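Enquirer: Curious how this folds, go ahead:
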Amino acid sequence: MADKEIKQIKDLIIEAGKRARQESDFEPEQALTQPVKWPVNCLVGPGLEGAIACESKIGYVNGSKGWLIYRGYDIFDLCAHSTFEEVAYLLLYGALPTVSQFDNFKAKLIKYRDINYTIRLLMGFPIEKMNAMAALRIGTNFMRQELTYVDSDAYSPDFDTAISADEDSIPMETKPRGEEHAIYEFKKASAGNKPRSVDKNLQFSAEEESCYSLISGVSTVAGVVARLRQDRIPIEPDPSLSHAGNLIYVITGRKPTPIEEKIMDIALILHADHGMNASTFATMVVASTLSDMYFAIGSGIAALNGPLHGGANERVVKMLQEIGGPGNVNKWFEEKLAKKEKIMGFGHRVYKAYDPRARVLGPLAEYLVEHSGNEEIKKLFRTAKTLEKKVVSRLGKEKKIFPNVDFYSGIIYLCLGIPMELFTPIFAVSRVSGWTARVREYLKANRIFRPRAVYVGPFDKRYEPIKKRSS
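Expert: Here you go, the predicted model:
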């Protein structure tokens, strides 16, 4: 029975992919898919919008056509046929693994689910009183202490391999330019020699092992945070379960059905990478200083915590609850439109077409809801479908506003028994794979991020003693 149901899930995704491809041609953006000749001229808006920061082979988003590509693979194909573990390997290494590579990779991920020292430290904190994302970030710091030696007194950074950012950037900062072309001097970062006094089991934090430990460990931390917030004891990870299955298990305390496991797996794939978004950029900025992978991932979690980046699916659920039912959608929508208020779960900074992730999550949410006995969730879904139809009919063609990844993901997580405060941590659990992959790629030719600010303040002010200053 499970095989038949999983085939139904695959068929839903394949059909969603077919519809997406019928609405788009097959030509990528030439300006954003060719090797860069540095320095590059581009139009830059506030917040570095439109700026070209680096080259990448990891992921490509085409917002006007509704594309999401990981390492050359269409997201619909990966969701239908792959697994999160395979996709994490693909993002890190650029190719799908062989059987032996995959077995070894999975064994590593299972090994790093066990972070007992980190769990003990978290249990000593008032996690139940903390923001779940703050607790998740603290957990990455505890993992850094448990698994690496970079916090030990014996460790010191290898300054000989670090380049001076200021002198290296002078040719780009002098006008017209100090040199005909910008000078780039890249040197390979090195872990140096491990101090003899350090435990042999500890790692240097920039090694590959740190990628594995973070991909697995952040998932375990999410489960610990969920349990402690419910005043329950954390659950030992289950090595017999997949990454997605174990995530549901450590959060809810119950082993998922094969369908639940598969749908969570797909949700993790869909959230694994998404271009140079705010949290990815934050992660890469920290890594570019030759800090370490744990601090870099912590900065990504901090950025994802911001309401302009993460947490929208939680607000979608609250919005649907506020509407109260499909019969109230029309009146509610017209009032929102009249007040020019944002409707959560619609529109995207990048996509001016239907978000491919929402194309997958919508049918999966419907499938779960149909097999759910929860009447409240069924009512939420009917409200969501009615609202989608209304918004797309009024705003889709003219303003290119369609459902985004957050519109249906919250309903899926509710069906899986996951509390709403864990929605954004689950986003982070998935995105760690993309964050670590992009950091590894960037550090191969590292250049510290150093944008300029335009000074628009005054000049020629004179200092006055405090007693002479007026209020």
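Enquirer: element containing the spatially closest residue to residue 16 that is not a sequence neighbour, please.
Expert: Nearest residue to residue 16 in three dimensions, chain neighbours excluded: residue 359, at 4.4 Å (CB to CB, 6 or more residues apart in numbering). Quick note: C-beta positions are derived from backbone N, CA and C, even for glycine. Assigned by DSSP states H and E, residue 359 belongs to helix 356-370.
Enquirer: what's downstream of that helix, the next helix or strand?
Expert: Using DSSP H and E, the helix or strand that directly follows helix 356-370 along the chain is helix 375-391.
Enquirer: The residue nearest to residue 16 against residue 20, yeah?
Expert: Yes - using CB atoms under 8 Å, residue 359 makes contact with residue 20 at a distance of 5.7 Å.
Enquirer: anything in contact with each of these two?
Expert: Residues touching both residue 359 and residue 20 (CB atoms under 8 Å, 6 or more residues apart in numbering) are 66, 76.
Enquirer: neighbour count winner among those two?
Expert: Taking other CB atoms under 10 Å, residue 359 and residue 20 do not tie; residue 359 has more neighbours (28 against 22).
Enquirer: Tell me who's in contact with that one.
Expert: Neighbouring residues of residue 359 by CB under 8 Å, 6+ apart: 16, 17, 19, 20, 66, 76.
Enquirer: Separate out the buried members of those residues.
Expert: For the contacts of residue 359, a burial check counting by 16 or more other CB atoms under 10 Å picks out 16, 17, 20, 66, 76.
Enquirer: For the first one, which residues are in contact?
Expert: Going back to what we said before, that points to residue 16. Contact criterion CB under 8 Å, 6+ apart gives 76, 359, 360, 362, 363 as the residues in contact with residue 16.
Enquirer: how near is it to residue 312?
Expert: Distance of residue 16 to residue 312, given as CB to CB, to the nearest Å: 21 Å.
Enquirer: just the third one next, same as before
Expert: The spacing between residue 20 and residue 312, counted by CB to CB, is 22 Å.
Enquirer: Quick check: residue 304 touching residue 133?
Expert: Yes - counting by CB under 8 Å, residue 304 does reach residue 133; the two are 6.9 Å apart.
Enquirer: Now do the shared contacts for those two.
Expert: 310, 424, 428.
Enquirer: Closest one of those residues to residue 458?
Expert: Residue 458 has its nearest neighbour among those in residue 310, at 38.1 Å by CB to CB.
Enquirer: Check the spacing between the closest one and residue 250 real quick.
Expert: Distance, residue 310 to residue 250, using CB to CB: 20 Å.
Enquirer: next structured bit after the lowest-mean-pLDDT helix or strand in the chain?
Expert: Ranked by mean pLDDT, DSSP states H and E, the weakest helix or strand in the chain is helix 165-173, scoring a mean of 50. For helix 165-173, the succeeding helix or strand toward the C-terminus, using DSSP H and E, is helix 208-229.
Enquirer: quick one: average pLDDT of that next one?
Expert: In this model, helix 208-229 has an average pLDDT of 96.
Enquirer: likewise stretch 307-317?
Expert: 92.
Enquirer: Pull the distance from it to the chain's centre.
Expert: 13 Å (CA atoms, centre = their mean, to the nearest Å).
Enquirer: in the stretch 51-200 of the chain, which spans are strands?
Expert: 59-62, 67-70, 73-74 (DSSP state E, counting those that start in this stretch).
Enquirer: pLDDT weak spots in the protein?
Expert: Filtered on pLDDT under 70, the chain yields the residue ranges 1, 153-206.
Enquirer: could you check the angle helix 208-229 makes with the helix or strand that contains residue 260?
Expert: According to DSSP H and E, residue 260 maps onto helix 258-270. On the basis of axes from the mean of the first three to the mean of the last three CA atoms, to 10 degrees, helix 258-270 is oriented at 120 degrees to helix 208-229.
Enquirer: Run through the neighbouring helices and strands of helix 258-270.
Expert: Counting by 3 or more CB pairs under 8 Å, 6 or more residues apart in numbering; DSSP states H and E, the packing neighbours recorded for helix 258-270 are helix 2-22, helix 75-81, helix 84-93, helix 243-252, helix 356-370, helix 405-415, helix 423-443.
Enquirer: could you dump those to TSV with distance to residue 52?
Expert: Converted to TSV, the helices and strands packed on helix 258-270 look like this (distance: least, CB to CB, whole Å):
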stretch	distance to residue 52
helix 2-22	27
helix 75-81	23
helix 84-93	21
helix 243-252	33
helix 356-370	23
helix 405-415	24
helix 423-443	14
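Enquirer: Quick one: distance of stretch 363-375 to the chain centre.
Expert: Mean-position distance between stretch 363-375 and its chain equals 26 Å (CA atoms, centre = their mean).
Enquirer: which parts of that stretch are buried?
Expert: By neighbour count on 16+ other CB under 10 Å, the buried set for stretch 363-375 is 363, 364, 365, 366, 367, 368, 369, 372.
Enquirer: Where does residue 353 sit: helix, strand or coil?
Expert: coil (DSSP: H, G, I helix; E, B strand; the rest coil).
Enquirer: is it true that it touches residue 65?
Expert: Yes - if you go by CB under 8 Å, residue 353 and residue 65 touch, sitting 5.9 Å apart.
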